[in-house]
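>>> Provided below for reference: sequence and predicted model.
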Amino acid sequence: MPTLDANGIALSYEDTGGTGRPVVLIHGWPLSGASWASQIPALTESGYRVVTYDRRGFGSSEKPATGYDYDTLAADLKGLLDSLDLDDVTLVGCSMGGGEVARYLGNYGSHRVRSAVLAGAVPPYLLKADDNPEGGLGDEDVEQMIEGVKTGRETFFDEFSVNFFSSDGELKVTDDERRRIFGLSAPARDEAVQGCIDAFSRTDFRDDLARIDIPVLVIHGAGDAIVPFEVSGRRSAELIVDAELIVVDDAPHGFNVSHADEFNRGLIDFLAA
């Protein structure tokens with residue numbers, strides 16, 4: 001995979017090229033850009049130029065010890081868009097990647113961006129707080145996750161991946177598929193894995209969402225056990241001025257894999273609007 005300099009680090013990326021409108025896919029934790037394999041053919045066949053990349057610390061990208069906060073990650077995304085000189089872009093963020101979309105638009109505005117998609121995404125704010133009683137995670141939950149990957153990363157990911165792909169306690173992909181997708185986490189640096197837990201759990205995106213001035217698709221699995229719809233997708237759709245909401249029945253957190261046809265249909269219909 002080629003690399004480019006973005007915000008002072010080397011990001012590994014793939015670009016289908018062509019003259020179609022660009023769609024930039026931003027992956028979830030703890031995976032890599034390869035987790036979008038079920039979307040790329042559908043998008044390219046519909047005429048879009050598709051760009052994926054590995055977040056710093058993950059996949060084949062450079063793996064510094066620091067920089068796993070959303071201001072830095074959004075600056076990395078800006079570096080990617082600037083390096084490739086992409087305009088009229090649709091940003092698609094899955095899970096943790098939705099935070100990069102929100103923070104990018106909050107910090108840099110929509111100069112290069114036509115529209116955005118939050119897919120099973122962590123905004124508006126996962127941490128329970130006095131001013132955020134609807135949050136889904138307490139401080140003790142966050143610390144438990146961090147401790148889990150510190151003391152038994154492989155075991156933690158094996159258990160996490162089952163919940164990632166389950167709805168109502170039922171695994172929605174084959175066990176081989178579950179293991180294959182979570183094999184993408186193997187190259188990730190420990191500091192990246194742990195730092196990103198802190199970032200996606202404790203970052204408040206409510207002000208970012210309030211600044212968004214472009215159309216946004218919020219698409220979420222009804223059975224998401226990792227980032228529940230009521231905690232995240234429903235609230236984001238309420239906070240964004242121009243939001244379209246799609247809830248995919250019986251779909252888990254990893255629904256871009258398990259329910260790829262429904263996911264792709266919603267995404268492509270939104271892009272064509």
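Arrived safely, thanks for sending.
>>> grab the nearest non-local neighbour of Leu4.
Ser83 (4.5 Å; C-beta to C-beta, 6 or more residues apart in numbering). (Each C-beta comes from the backbone N, C-alpha and C, glycine too.)
>>> ok, now which ones touch the one you found?
4-6 (C-beta atoms under 8 Å, 6 or more residues apart in numbering).
>>> what is the longest helix seen in the chain packed up against?
Assignment by DSSP state H gives helix 139-164 as the longest helix of the chain. Secondary-structure packing of helix 139-164 (3 or more C-beta pairs under 8 Å, 6 or more residues apart in numbering; DSSP states H and E): helix 175-182, helix 190-202.
>>> from the ones you listed, which stretch is densest packed?
helix 190-202 (a mean of 20; mean count of other C-beta atoms under 10 Å).
>>> what does that one rub up against?
So helix 190-202 is in contact with 29-30, 55-58, 63, 65-66, 68-70, 73, 95-96, 99, 122, 126-127, 137, 141-142, 145-146, 149-150, 153, 185, going by C-beta under 8 Å, 6+ apart.
>>> which is the next helix or strand following that helix?
Once the chain leaves helix 190-202, the next helix or strand it forms, by DSSP states H and E, is helix 206-211.
>>> what's the mean pLDDT across that following helix?
On average, the pLDDT along helix 206-211 is 98.
>>> in three-state terms, label Leu118 for me.
The three-state label given to Leu118 by DSSP: H, G, I helix; E, B strand; the rest coil is strand.
>>> and Leu217, by the same measure?
Leu217 ends up strand, using three-state DSSP.
>>> thought it was touching Val247?
No: between Leu217 and Val247 there is no contact under C-beta atoms under 8 Å: 11.7 Å.
>>> these two: who's more crowded?
Shown here are Leu217 and Val247; by other C-beta atoms under 10 Å, Leu217 has more neighbours (23 against 17).
>>> ok, now which ones touch the more buried one?
Here Leu217 is in contact with 115-118, 243-246, 266-267, 270 (C-beta under 8 Å, 6+ apart).
>>> now with 10 Å, please.
Neighbour list for Leu217: 90, 92, 115-119, 237, 240, 243-246, 266-267, 269-271, 273 [criterion: C-beta atoms under 10 Å, 6 or more residues apart in numbering].
>>> how about Val101?
Val101 touches 24, 26, 74, 77, 90-94, 113, 116-119, 121, 123, 205, 208, 212, 216, counting by C-beta under 10 Å, 6+ apart.
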